[in-house]
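In: Provided below are the primary sequence and the corresponding predicted coordinates.
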Number of protein chains: 4
Amino acid sequence: MIRVAIVGASGYTGVELYRLLANHPHVKITCVTSRQNAGEPFEQVFPSLRGRTDLVCDPVEIGIVADKADFVFTALPHKTAMEFVPGLLAAGMKVVDLSADYRLKDAALYEAWYQPHTSPELLAEAAYGLPELYRDRIRPARLVANPGCYPTSVALALAPLLKERLIDPATLIIDSKSSASGAGRAAKVDSLFCEVNEGFKAYGVTKHRHTPEIEQTLSDLAGAPVVVNFTPHLLPINRGILSTCYADLREKTDTARLVALFAEYYRGEPFVRVQPQGSLPNVAWVRGGNQCDLGVVADPRTHRVIVVSAIDNLVKGAAGQALQNMNLMFGFPETAGLDVVPLYP
Amino acid sequence: MIRVAIVGASGYTGVELYRLLANHPHVKITCVTSRQNAGEPFEQVFPSLRGRTDLVCDPVEIGIVADKADFVFTALPHKTAMEFVPGLLAAGMKVVDLSADYRLKDAALYEAWYQPHTSPELLAEAAYGLPELYRDRIRPARLVANPGCYPTSVALALAPLLKERLIDPATLIIDSKSSASGAGRAAKVDSLFCEVNEGFKAYGVTKHRHTPEIEQTLSDLAGAPVVVNFTPHLLPINRGILSTCYADLREKTDTARLVALFAEYYRGEPFVRVQPQGSLPNVAWVRGGNQCDLGVVADPRTHRVIVVSAIDNLVKGAAGQALQNMNLMFGFPETAGLDVVPLYP
Amino acid sequence: MIRVAIVGASGYTGVELYRLLANHPHVKITCVTSRQNAGEPFEQVFPSLRGRTDLVCDPVEIGIVADKADFVFTALPHKTAMEFVPGLLAAGMKVVDLSADYRLKDAALYEAWYQPHTSPELLAEAAYGLPELYRDRIRPARLVANPGCYPTSVALALAPLLKERLIDPATLIIDSKSSASGAGRAAKVDSLFCEVNEGFKAYGVTKHRHTPEIEQTLSDLAGAPVVVNFTPHLLPINRGILSTCYADLREKTDTARLVALFAEYYRGEPFVRVQPQGSLPNVAWVRGGNQCDLGVVADPRTHRVIVVSAIDNLVKGAAGQALQNMNLMFGFPETAGLDVVPLYP
Amino acid sequence: MIRVAIVGASGYTGVELYRLLANHPHVKITCVTSRQNAGEPFEQVFPSLRGRTDLVCDPVEIGIVADKADFVFTALPHKTAMEFVPGLLAAGMKVVDLSADYRLKDAALYEAWYQPHTSPELLAEAAYGLPELYRDRIRPARLVANPGCYPTSVALALAPLLKERLIDPATLIIDSKSSASGAGRAAKVDSLFCEVNEGFKAYGVTKHRHTPEIEQTLSDLAGAPVVVNFTPHLLPINRGILSTCYADLREKTDTARLVALFAEYYRGEPFVRVQPQGSLPNVAWVRGGNQCDLGVVADPRTHRVIVVSAIDNLVKGAAGQALQNMNLMFGFPETAGLDVVPLYP
């Protein structure tokens, strides 16, 4: 039994971490922190948890966290995270950080898309927490940078094609669509029900901060620098990301062979479900689960491949993957606490 | 380990039973039947289950079911259920029937609201499967009639008040609102996305078939015949029922005392969560969980009490309660397979 | 052609007023004000209006408004409205005020539910702007208090029954459900998409501020003080209010006679649509239109009547009714600018 | 005043045509037909129209239609349309056909994607009803093929770039997202509320029937054959299509110049709204209106252009555009009946 803290627990990732960890056989949640809800019973912040928690929100202080827990999930905004994580490590704790602060390996790149980095010395050490690609680096890490939701959906969609050199990376176009929970729980007019419901829009076109993170992983897979178009859109739903990826095929192939390739590449992976030919993912099929569903189609008319991936942005795109990383770091079964069947409808 | 069949598995209750049973420690699902999907892999009918089932849908035949399973959930439409259940019992199986066919004790009442009953001899034997009220009758039963979704939400809301004789039953008004999954998965124009989304309406006013079931339980609680107004409405959401119940108070009281009364009445119940004073239920807080949330308010201006109850109609209103009944019938812990934390958001 | 100002135009009522007024044959909108968007093109605040407006938001100042317009819609929060309206009247303008500030006739009642009133001398003068009931008082008024959305839906639902003394007012129970736009466009966590979507809850139970306004009109109709239970709920939709009203019938009657009574009572009313027997309102049928749809059912089992009313809370519940009042105040055809067919789906 | 018939009026396009035509100054709707609702009052089929129509649905017969109307909108499924339209023309009527049957100029292409064509002799004569591109051919036509919803959104998005030879057509990728009303009003499990709500998926990948129609128009604009990837997706909303289009730029340029180019290209067009730099379309801003909103961004990192277009699929994507075509065919002002301000929210 390890004692776990969730730092920054009053957001959607916080409550989702709690939901999943509550049924984890080797974990006891001993601390939840929240700047704005400090002193408040956690079940009052999230009444869905009523009866399942008697924790009271602590303030966001390293001393308190280090005292109460052995392991920490930091679900803080970027910039806030990097002010907090070094202290946790110094206190001897292991950390999965869900912010963007330790995902990019290049401090200059981080600065170009975010702001100057205050603990760049940790960037090399931090393991990028995408288990399907970097399991061996995650296991021994004391700091894991949990991937962004969009980058997770994209990396898993494109890994087999890039690894096998089947596509021309220069032609990659990624059209992604995310649920509203991806925007967080802050009070903003743009996130109001009436602004989002019955609407649909692109945003951050050519400029979204997940772009360099996506390119970093795809470059690693391709073995050469990759630059992509990444266009996120906002869906009027609570959970889910669907990414539709396009690239020119380097050689003639067909859908059946690509489906077989994907199935082979992800054989044995507990959370990747390659759809059979003729079936394509729907975010509704992964709601609440840690699955990443993948579908692939070759277009004989244009000699392109289209890959569609679907995840729940709060699970495989955040809390679930964080828990998967924790399992690896402690040698627990990778699926512990994650054998949740998606909720349908 | 008991072998369990889900008969009529291609509806929303079927997939929900599968979701919950998949993580039940003492159950192995060995048979799913479906008239229209017979011969089809179940994961193809519900891709949310992909990777969690290798069952192929069987036709709806007693011989097949009796051969493969020890216990059966029948999730068939009313009328179809009563043609099927007697055979299962005759084959020595225990059954939780999720249809309306064995809920009413009075065959004439059933005939008045539905059609003639073809196995009225089972009505007396069938236990009404609302564990919080009838736990002792459920345990030894071989046939449990799983309550309707609306009646569950109403009975739990009103039981403390009727038992304690705090309200005048003649003044009871029940205004209920259900999600769209309550209408099932049949292809009907009225259930199309564009007909339901951004809409809200009352339906079945004064005539809904759950009325006699509601009155049967309330009468039992009151110790005298109760007649109510029950008005269902259709919500544009996937899951959830919220019932708002009104009645005249027999004596002067206040909200604090009523909240205390409810808390006392349901003390120790694993699935009833009485909200503290000042908080009222939201269907969003029970999504995917087996909880019934209750809130109560006394109105000093009108001397009435308002009770609000929220359940997930597919869980506590159907599959979850069915599983809770199965647990009682087999002596499993009542919460086995049901310790799911609701999904928020 | 009259010159019209919308004061407080950056909310949902503001944009809806603009939408309807843009096609009004006798109106030119010459001024829109907004505290937070002053100096910004109005089409930037609401891109739905792009190409239909070249106005720039003015600050909320009486001098500016009086200079640019002859007539004013004040769509300000309560309390702010009563600080602003007296100055407009003093400047010789006619006003339809959409806040709650001039709806209650009794300043003490206003103070009990809101705060002290700063211009109580106007309460007697202000006409309550429900044309179907008070058309004659609205025509000559210089100040019209536009009714609340809930009270509009309730008053029209119950007027025929109270006028004809068919129900016992002491038994009135009003269960209302409103869309999210009723909560306005302020940035609040409770109004976020993920908090509202797939949710449903009661709120303000026994304490909602529309209660005294409802009771004032019902008392006027009944000719005696009426006290009611009014329970609002929050629907995950953009537009619409549906109220389900219950009362004991004073004499035996049936649905056909009640439908006929309603049809007769509202004969000639351009915006009230009494549904034929067997049909009940759906908020989806009035989306974007100024209609109030009414359905009525007698319950022979309980000797109660159930009336269901549906309006678009932003149209008949706010902007449309305000425009209807303006038409009456200027002698325009009552339907001018309001002959919009509801949008379906 | 012309007498107009809507043939196939019981679908979403039918009710939308009625909504718009009801306020057209030069039109009187004299006939609505419906196979399944023949003999039923039209206001009973669509209660949103109550009070605005006293028509009774006619059966779908040429004699009846020719007798009652001078002009016909055929809103029939493809295949059914081409069995009906020749008879209308033979009877001397003008027709706007909203099906796919007369959109493709090449009968062999039609056969390849649909089925054999039964009146191929009309293909050359039929004008493709996209007024912004083919206004001069529409004016004198007696048969106009109203464009598909997706093709409308794509053609208007790409016309300026193709006309000015700014992009390489071989690199075109079109990622489109449509509301659920695009799937029509037929009772299908896939269109049920619970199947669509909170979901999002791609469908018809590489095989959607709008592909040849899109390519026909783009080829015409480019002056050479164009083959594209077109991927439609299903949005859980009632109305709206958003298309995100990608192509390689042929020369270096920037966003400001592209926005200026678009603004110039569509100068004077009443229904195309080019968004200023920094703003991109949202389907919520065109709900219920005939606008097509366009946004354009150049990506200096990839040398690609991204164009985003938004329409209401039932208005500019169907009924509104049909009405615009009718206006052109009769010499009415092009905006007659279409000066509707979009509904927000």
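Out: Done, it's in.
In: For the helix or strand A:Met329 falls within, list every residue counted as buried.
Out: Applying DSSP states H and E as the criterion places A:Met329 in helix A:320-330. Applying a neighbour-count criterion of 16 or more other Cβ atoms under 10 Å in any protein chain shown, one finds A:320-329 buried in helix A:320-330. For the C-beta atoms, the positions are set from N, CA and C on the backbone; glycine is no exception.
In: Out of those, which is nearest to chain D?
Out: Nearest to chain D among the buried residues of helix A:320-330, counting by Cβ to the nearest Cβ, is A:Gly320 at 17.9 Å.
In: returning to what we had before: the helix holding A:Met329 close to chain B?
Out: No: Helix A:320-330 is not in contact with chain B by Cβ under 8 Å from any Cβ of the partner chain; minimum separation 12.2 Å.
In: Give me the contacts around that helix.
Out: Contacting residues not belonging to helix A:320-330 are listed as A:2, A:4, A:16-17, A:20-21, A:24, A:26-27, A:71, A:73, A:94, A:96, A:98, A:129-131, A:135, A:138-139, A:141-142, A:144, A:146-147, A:152, A:271, A:289-290, A:312, A:314-315, A:332-338 [Cβ atoms under 8 Å, 6 or more residues apart in numbering or on different chains].
In: For the stretch 101-250 of chain A, which residues are neighbours of chain C?
Out: By Cβ under 8 Å from any Cβ, the part of the stretch 101-250 of chain A that sits against chain C consists of A:180-181, A:185-189, A:191-198, A:236-238.
In: If you drop the residues flanking it in sequence, what lies closest to A:Ala180?
Out: Leaving aside its chain neighbours, A:Ala180 sits nearest to C:Phe193 (4.3 Å; criterion: Cβ to Cβ, 6 or more residues apart in numbering or on different chains).
In: With A:Lys252 instead?
Out: In this structure, A:Lys252 finds its nearest non-sequential neighbour in A:His303, 7.3 Å apart by Cβ to Cβ, 6+ apart.
In: looking at it, that neighbour is touching A:Arg250, isn't it?
Out: No: contact criterion Cβ atoms under 8 Å: A:His303 and A:Arg250 do not qualify, at 9.3 Å.
In: so who does A:Val45 touch?
Out: Residues in contact with A:Val45 (Cβ under 8 Å, 6+ apart) are A:9-10, A:15, A:34, A:37, A:57.
In: hmm, 7 Å instead?
Out: A:10, A:34, A:37, A:57 (Cβ atoms under 7 Å, 6 or more residues apart in numbering or on different chains).
In: What of A:Tyr12?
Out: By Cβ under 7 Å, 6+ apart, A:Tyr12 lies in contact with A:181, A:184-185, A:314, B:345, C:194.
In: Show the buried residues in the residues of the stretch 101-250 of chain A next to chain C.
Out: Taking 16+ other Cβ under 10 Å as the criterion, what is buried in those is A:180-181, A:185, A:191-198, A:236-238.
In: tell me the two of those that are most distant?
Out: Taking Cβ to Cβ, the two most distant members of these are A:Arg185 and A:Glu198; they sit 21.1 Å apart.
In: Which residues of chain A lie near chain B?
Out: By Cβ under 7 Å from any Cβ of the partner chain, the residues of chain A that approach chain B are A:12, A:15, A:19, A:22-23, A:46-52, A:181, A:198, A:238, A:273, A:279, A:285, A:288, A:339, A:341-345.
In: what distance separates the start and the end of stretch A:115-133?
Out: 28 Å (Cα to Cα, to the nearest Å).
In: Now A:Gly184. Nearest residue, chain neighbours left out?
Out: In this structure, A:Gly184 finds its nearest non-sequential neighbour in A:Gly11, 5.8 Å apart by Cβ to Cβ, 6+ apart.
In: and that neighbour, what are its phi and psi?
Out: Main-chain torsions, A:Gly11, degrees, to the nearest 10: phi -100, psi -180.
In: Please list all residues in contact with it.
Out: Residues in contact with A:Gly11 (Cβ under 7 Å, 6+ apart) are A:75, A:184-185.
In: of those, closest to chain C?
Out: Looking across those and measuring by Cβ to the nearest Cβ, the closest to chain C is A:Arg185, at 6.5 Å.
In: Specify the local secondary structure of that closest one.
Out: coil (DSSP: H, G, I helix; E, B strand; the rest coil).
In: Which residue is the nearest non-sequential neighbour of it?
Out: Leaving out its chain neighbours, the residue that sits closest to A:Arg185 by Cβ to Cβ, 6+ apart is A:Gly11, at 4.8 Å.
In: What pLDDT is listed against that neighbour?
Out: With respect to pLDDT, A:Gly11 has a value of 98.
In: gap between it and chain B?
Out: 11 Å (Cβ to the nearest Cβ, to the nearest Å).
In: what about the helices in the stretch 101-250 of chain A?
Out: A:107-113, A:131-138, A:149-163, A:193-196, A:210-222 (DSSP state H, counting those that start in this stretch).
In: Now render those as TSV, adding mean pLDDT.
Out: Shown next, in TSV, are the helices of the stretch 101-250 of chain A (pLDDT from 0 to 100):
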stretch	mean pLDDT
helix A:107-113	97
helix A:131-138	98
helix A:149-163	98
helix A:193-196	98
helix A:210-222	98
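In: what would these look like in a markdown table with distance to C:Ala159?
Out: Putting the helices of the stretch 101-250 of chain A into a markdown table (distance: least, Cβ to Cβ, whole Å) gives the following:
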| stretch | distance to C:Ala159 |
| --- | --- |
| helix A:107-113 | 61 |
| helix A:131-138 | 65 |
| helix A:149-163 | 53 |
| helix A:193-196 | 30 |
| helix A:210-222 | 57 |
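In: Out of those, which is closest to B:Ser243?
Out: Set against B:Ser243 and scored by Cβ to Cβ, the helices of the stretch 101-250 of chain A come closest in helix A:193-196, at 23.3 Å.
In: can you give me how far the closest one is from the chain middle?
Out: Remark: helix A:193-196 is offset 25 Å from the chain centroid, using Cα atoms, centre = their mean, to the nearest Å.
In: now swap in stretch A:105-125 and tell me
Out: Centroid separation between stretch A:105-125 and its chain, computed with Cα atoms, centre = their mean, is 19 Å.
In: do stretch A:157-177 as well
Out: For stretch A:157-177, the distance to the chain centre is 19 Å (Cα atoms, centre = their mean).
In: distance between the ends of that stretch?
Out: Across stretch A:157-177, first to last residue, Cα to Cα, it's 14 Å.
In: Now do the same for A:Phe73: helix, strand or coil?
Out: strand.
In: what about it, distance to chain B?
Out: Plainly put, A:Phe73 is 16 Å away from chain B if you go by Cβ to the nearest Cβ.
In: and if you look at A:Leu76?
Out: For A:Leu76, the distance to chain B equals 20 Å [Cβ to the nearest Cβ].
In: okay, now that residue: neighbour count?
Out: A total of 24 residues lie near A:Leu76 under the criterion other Cβ atoms under 10 Å in any protein chain shown.
In: Show the pLDDT at it.
Out: pLDDT for A:Leu76: 97.
In: That one falls within a strand, correct?
Out: No: A:Leu76 sits outside any strand when classified using three-state DSSP, being coil.
In: Can you tell me the closest non-neighbouring residue to it?
Out: Per Cβ to Cβ, 6+ apart, closest to A:Leu76 is A:Gly8, 4.2 Å.
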